[in-house]
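Asks: Here you go, sequence then predicted model.
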Amino acid sequence: MPQVNPLAPPAAMAEDLGRIRERPADPAPAGGDPLGALLAGTRAQGAFLLRSVFDPPWAIHVRDQAPLTVLTMFRGDGWIVHDRRPPVRLRTGDLAVVRGPEPYTVADHPSTEPRAIIHPGQVATDPAGARLCAELDRGVRTWGTRPDAAHVLVSGTYQLPGEVGRRLLHTLPNVLHLAAGAWHSPLLPLLEEEMGRDEPGQAAVLDRLLDLVLIGALRAWLTREGAAAPAWYRAHGDPVAGPALGLLHADPARPWTVAALAAEVGVSRTVLARRFTELVGDPPMSYLTGWRLSLAADLLASSDATLASVARQVGYGSAFALSAAFKRVRGLSPARHRDAFRAPGPASGPR
């Protein structure tokens, strides 16, 4: 994925953004980068981005069944309210990553009753079911009471399950919260600025910026002091599991066996299988299957390569073998997965 240098001066950042506009997304990360592995298969494709501008009291109940949503308060304070969980306060500059598909409410106060409900497909209604659209439209990707309202909430929603890797979803808490003082991303103001534009290629620019914001948030969360990083993430520092993960990531198309992998790492098959499973949570070959299918899903969504070509690239001997594994693990065929990503993108506001 093209990278924006967060420490670059504005001119350099503008050049980086230009490259994002012009270049296609890079292939999924290889090698032993644990964050790259975490994000394998996670790439926005026609993500739904919205700037919500409201004066208190306000509350939005979200039941869109999206797998992942990034929320940040640009002005004012808000709350994320989950059933059966303590509410999470969002102060100005805070960021939250909300894992779906459970419903939740974003509000100025936990006690405020929702006045808008977001359904699958980003259809917005009032509690009685009447559509909310024209009366709240405030311009490109903006809705609410008035443009200069007291509270400004920016949201970026990964709408399709295939956009978010299962490993990422299994790693995240229901609400990942980062206080403004715990991290800083100059990409957030840039994201808000770009959301107000409607130029050629704008959806691709916003997708990539949302991906970069998510990467920055996850990196800050996983590396913060006292972080209880997932066991599989810590496995990359293990002398047995770490090199094995690096080999699988770097060359997934190789006809790996536990014996071949153990020989490369320099340990017995028993030691490799036990250590890998203990730290990663899956046996080596099961992990490899998931990794290959994540790569295949990404290739299907981002290219016109034939199924046979994708199969060869990720280590399957035939299109049939890949199709059978894909459907068994992901619950849909490669063709349906590709069709989902070729569907028309979302509108610029709730429908």
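Replies: Nice, thanks for sending it over. Residues are numbered from 1 along each chain as shown.
Asks: Can you find the helix or strand of this structure with the lowest average pLDDT?
Replies: Ranking every helix and strand in the chain by mean pLDDT, DSSP states H and E puts helix 10-22 at the bottom, with a mean of 40.
Asks: Low-confidence stretches in the protein?
Replies: Along the chain, segments meeting pLDDT under 70 span 1-43, 134-135, 137, 139, 160-167, 225-229, 231-232, 341-351.
Asks: Do a quick rundown of the helices in it.
Replies: For the chain, applying DSSP state H gives helices covering 10-22, 34-38, 166-171, 187-195, 202-223, 231-234, 241-250, 258-265, 269-280, 284-302, 307-314, 319-330, 334-342.
Asks: The ones you listed: which one's closest to Val123?
Replies: With CB to CB, the closest approach to Val123 among those belongs to helix 334-342: 18.0 Å. Bear in mind the C-beta positions are built from the backbone N, C-alpha and C, glycine included.
Asks: Quick one: list the elements packing against that closest one.
Replies: Counting contacts by 3 or more CB pairs under 8 Å, 6 or more residues apart in numbering; DSSP states H and E, helix 334-342 packs against helix 284-302, helix 307-314, helix 319-330.
Asks: Columns distance to Pro101 on top of the ones you listed, output as TSV?
Replies: Formatted as TSV, these follow (distance: least, CB to CB, whole Å):
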stretch	distance to Pro101
helix 284-302	18
helix 307-314	27
helix 319-330	16
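Asks: Mean neighbour count, these: which tops it?
Replies: helix 284-302 (a mean of 21; mean count of other CB atoms under 10 Å).
Asks: got CSV for the helices of the chain, with distance to Arg138 too?
Replies: Output for the helices of the chain, formatted as CSV (distance: least, CB to CB, whole Å):
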stretch, distance to Arg138
helix 10-22, 25
helix 34-38, 36
helix 166-171, 32
helix 187-195, 12
helix 202-223, 18
helix 231-234, 41
helix 241-250, 44
helix 258-265, 55
helix 269-280, 47
helix 284-302, 32
helix 307-314, 42
helix 319-330, 38
helix 334-342, 29
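Asks: quick one: which of those is nearest Thr92?
Replies: helix 187-195 (11.4 Å).
Asks: I figured Pro243 was touching Val265, is that so?
Replies: Yes - Pro243 is within contact range of Val265, at 5.0 Å (criterion: CB atoms under 8 Å).
Asks: For these two, indicate the residue with more neighbours.
Replies: Neighbour count, other CB atoms under 10 Å: between Pro243 and Val265, Val265 has more, with 21 against 18.
Asks: Of the helices of the chain, which is nearest Pro57?
Replies: Among the helices of the chain, helix 187-195 comes nearest to Pro57, with 23.5 Å by CB to CB.
Asks: still on that earlier bit, for His151, which of the helices of the chain is the nearest?
Replies: Between the helices of the chain, helix 187-195 lies closest to His151; by CB to CB that is 13.9 Å.
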